[in-house]
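Undergrad: After the sequence you'll find the predicted model.
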Amino acid sequence: MALRAGTYASAIPPLALCNYILLQSSGQPARRRADFADMNFSIKTTSPSQAQVDLLILYSWRGEKAETLVPNNLKLQSSIKEAMTREQFRGDEGEYVDIYTKGEIEAYKILVVGLGKEEDFDLYKLRKSIAAATKKAKQFKVKKLAFVPHNSWYKKFEPELVGQSMVEGVVLGGYKFLKYKGKEEKEKNIELEDIMFLVTPNKVAGMEKGLGIGKIFSAATIFARDLINEPAAVTTPTYLAKIALDLGKKAAGQIKVKILEKEEVAKMGMGAFLGVAQGSEEPPKFIVLHTKPAGAREKVVVVGKGITFDTGGLSLKPAEHMMTMKMDMSGAATVLALFAGLTHLKPKVEVVGVIAACENMPSGKAVKPGDILTAMNGKTIEVLNTDAEGRLTLADGLSYAVGQKPQAIIDLATLTGACMVALGQEIAGMWGNDEKLNDKVKKASEVVGEKLWHMPLEKEYKPLIKSDIADIKNIQTGKYGGAITAALFLEEFVDKIPWVHLDIAGPAYEESETTLVPKGGAGYGVRTILQYLLDLGK
Ligand code: BES
Ligand code: ZN
Ligand code: ZN
């Protein structure tokens, strides 16, 4: 749309460009993302009544009056008031009312979105409120939107974080995986084109920066979502390795990628990883990505669980539990997406990404309950349940990480159903051996609105994973506290290096749609780790 005099045009490239770079570097076939390929974000100082858009989005606390929403337009105030009364709109969270403006202002329609009580509001709710409005806009089949951030948001949060959260809300809430849908379904999905954020002039600077960060964070997140949503027939270990190699190629000089084949991995002594891989026809791949920007002071290794399909192995999963197990490489997807994001963000931190990628299949060659495997650090593991395979592959992934001599190790793994029992679908469990590192990761998660909860690494439970004939066993004695004993198992492989384990079994994959994530892969953890690395590089 044409710019009006007095407006401020953003210098940030459209998301299309960001995403183009990410998708290109992912090696996926150049395809048009129907949902937001051409989304163009801008910050403008246009007054809301002057914005030439299809939809103007206003926000209201619970009980807020129409007069404060549009202070300078009496006529519009009375239309909004009337609509609010007619529809008994109170401004509760998730409530909305839409109003045709009938030419009273430039926008064709107004959507007032309820925010609930001000004291309960946080950055997570901010993203949700933006995502909810984005979804409504798509339902209304409109393409040009202007959001008017609530004035009080700037008092509560830094303008930079408001900008970042708003872009994330739009992109993450509007995401759909339509690759395998027919033409009709693809056409039904409305492509948003112009997204404006209308602000007062003194708010522009910080928001502008936030918008740029939000674009990279959200583009990286949907990069992970796309990978998770692909069927396991596509996302084999070989495919993940190719994605990593392509990332390295596109960011030549910045990202180095190494793929270790089975023979090499065997020579290095990764018996636990290879034990899981041995039942499958697909060759395992040990994937290492590395970036070392000039001026980096700290080195962080991020390890992602990369089981490209988890049947349970000979301890076969029942059909209902196996249905979604293409998602068992969500941690790996997060690591790959992280590097896609890092090519643009370039924080001054040395980062190593590690993925021990394989399938967990039953076959005549598969590892059997009772077998004993030796991990790279020399510890022996009695495998009593082949469905507790993630900790076996991570044992070698973490041992490798220790060899890198980093200042911190973070792993992300769809590790246990027990963690979902404890914390539900939306919250990841966090365990760690270093309070400072725990706090940094927790803080980053709060900034980006990815929910996690600090859980105890309870030493009293250690005897539960002691094996009769090996050093440890891969399942515990008894049935309670399974997410904790899994974390204790992993701790055996991190030496004394500061380490955080995120069990993302719940939030990695949505079984029913939420405001910010449709059914399927969530890309959980991408934004938390990117934020952590940005903070670390400051
Ligand atoms: N990949 C699963 C964990 C999982 C379950 C992730 C549901 C996402 C949703 C993991 O490999 C597994 O099967 N864990 C077992 C461990 C048990 C055998 C000790 C589990 O949680 O049941
Ligand atoms: Zn399993
Ligand atoms: Zn698994």
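TA: Nice, I can see it. Ligands and ions are numbered 1, 2, ... in the order given.
Undergrad: right, and the secondary structure at the residue lying closest to residue 153 once chain neighbours are set aside would be what?
TA: Closest residue to residue 153 apart from its sequence neighbours, by Cβ to Cβ, 6 or more residues apart in numbering: residue 162 at 5.2 Å. (Glycine included, C-beta is placed from N, CA and C.) Secondary structure state of residue 162, per DSSP: H, G, I helix; E, B strand; the rest coil, is helix.
Undergrad: Contacts only, for residue 162.
TA: 126, 149, 153-154, 206-207, 210 (Cβ atoms under 8 Å, 6 or more residues apart in numbering).
Undergrad: and the nearest residue to residue 474 once chain neighbours are set aside, what pLDDT?
TA: Distances taken as Cβ to Cβ, 6+ apart put residue 388 closest to residue 474, at 4.5 Å, once the chain neighbours are dropped. pLDDT recorded at residue 388 is 98.
Undergrad: Next secondary structure after the longest helix seen in the chain?
TA: Using DSSP state H to define each element, the chain has its longest helix at helix 204-229. Following helix 204-229 in sequence order, the next helix or strand is helix 237-250 (DSSP states H and E).
Undergrad: In the helix or strand just after that following helix, which residues are buried?
TA: Later in the chain than helix 237-250, the nearest helix or strand by DSSP H and E is strand 255-260. For strand 255-260, the neighbour count (16 or more other Cβ atoms under 10 Å) marks 255, 257, 259-260 as buried.
Undergrad: In contact with the closest residue to ligand 3 within the chain, which residues?
TA: Residue nearest to ligand 3 within the chain (Cβ to the ion): residue 310, separated by 3.7 Å. Each residue near residue 310 by Cβ under 8 Å, 6+ apart is listed here: 317, 322, 325, 328, 359-360, 387, 389-390.
Undergrad: and the gap between residue 481 and residue 151?
TA: 47 Å (Cβ to Cβ, to the nearest Å).
Undergrad: okay, the two: which has more neighbours?
TA: Applying other Cβ atoms under 10 Å to residue 481 and residue 151 shows that residue 481 carries more neighbours, namely 18 against 13.
Undergrad: Correct me if wrong: that one contacts residue 460.
TA: No - in this structure, residue 481 is not within contact of residue 460 by Cβ atoms under 8 Å, at 10.1 Å.
Undergrad: got the residues of the stretch 201-350 of the chain near ligand 3?
TA: By Cβ under 5 Å from the ion, the residues of the stretch 201-350 of the chain that approach ligand 3 are 307, 310, 328.
Undergrad: Return only those of the residues you listed found close to ligand 1.
TA: Filtering those for proximity to ligand 1 by Cβ under 6 Å from any ligand atom leaves 310, 328.
Undergrad: what about the closest residue in space to residue 500 that isn't next to it in sequence, distance to residue 394?
TA: Spatial nearest neighbour of residue 500, excluding adjacent residues (Cβ to Cβ, 6+ apart): residue 432 at 4.2 Å. Separation of residue 432 from residue 394 (Cβ to Cβ) stands at 15 Å.
Undergrad: Quick one: low-confidence residue ranges for this protein.
TA: 1-38 (pLDDT under 70).
Undergrad: near ligand 3, which residues of it show up?
TA: Residues of the chain lying near ligand 3 (Cβ under 5 Å from the ion): 307, 310, 328, 390.
Undergrad: From those, which land in strands?
TA: Using DSSP state E, 307, 310 are the members of the residues of the chain next to ligand 3 that sit in strands.
Undergrad: Which members of the buried residues of strand 255-260 are the farthest-apart pair?
TA: 255 and 260 (16.6 Å; Cβ to Cβ).
Undergrad: check whether stretch 492-506 contacts ligand 1.
TA: Yes - on the criterion Cβ under 6 Å from any ligand atom, stretch 492-506 is in touch with ligand 1 at residue 505.
Undergrad: As PDB, could you dump the C-alpha coordinates of that stretch?
TA: Extracted C-alpha coordinates of stretch 492-506, given in PDB (Å, rounded to 0.1, in the frame of the first residue of the first chain):
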ATOM      1  CA  GLU A 492      25.800 -40.000  34.100                       C
ATOM      2  CA  PHE A 493      27.100 -38.700  30.700                       C
ATOM      3  CA  VAL A 494      27.800 -35.000  31.300                       C
ATOM      4  CA  ASP A 495      30.700 -35.300  33.600                       C
ATOM      5  CA  LYS A 496      30.700 -32.200  35.800                       C
ATOM      6  CA  ILE A 497      30.000 -29.700  33.000                       C
ATOM      7  CA  PRO A 498      27.200 -27.300  33.700                       C
ATOM      8  CA  TRP A 499      24.200 -28.900  31.900                       C
ATOM      9  CA  VAL A 500      20.500 -28.400  31.400                       C
ATOM     10  CA  HIS A 501      18.100 -31.100  30.200                       C
ATOM     11  CA  LEU A 502      14.800 -30.100  28.700                       C
ATOM     12  CA  ASP A 503      12.200 -32.900  28.500                       C
ATOM     13  CA  ILE A 504      10.000 -31.500  25.700                       C
ATOM     14  CA  ALA A 505       7.800 -34.600  25.200                       C
ATOM     15  CA  GLY A 506       4.700 -32.500  26.000                       C
END
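Undergrad: right, is it up against ligand 2?
TA: No - using Cβ under 5 Å from the ion, we find that stretch 492-506 stays clear of ligand 2, coming within 10.0 Å at best.
Undergrad: From the chain's centroid, how far away is that stretch?
TA: Chain-centre distance of stretch 492-506: 18 Å, with Cα atoms, centre = their mean, to the nearest Å.
Undergrad: how about it: buried residues?
TA: 492-495, 497-506.
Undergrad: Would you convert those into TSV that also reports secondary structure and distance to residue 248?
TA: Below are the buried residues of stretch 492-506 laid out as TSV (DSSP: H, G, I helix; E, B strand; the rest coil; distance: Cβ to Cβ, whole Å):
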residue	secondary structure	distance to residue 248
492	coil	31
493	coil	26
494	coil	26
495	coil	28
497	coil	25
498	coil	27
499	strand	26
500	strand	26
501	strand	27
502	strand	25
503	strand	29
504	coil	25
505	coil	29
506	coil	32
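Undergrad: Domain map for the protein?
TA: 11-225, 230-536 (automatic domain parsing).
Undergrad: most tightly surrounded among the ones you listed?
TA: With neighbours taken as mean count of other Cβ atoms under 10 Å, those reach their highest mean count in domain 230-536, at a mean of 21.
Undergrad: Would you mind listing what in the stretch 251-400 of the chain touches ligand 2?
TA: Checking the stretch 251-400 of the chain against ligand 2 by Cβ under 5 Å from the ion, the hits are 310, 387, 389.
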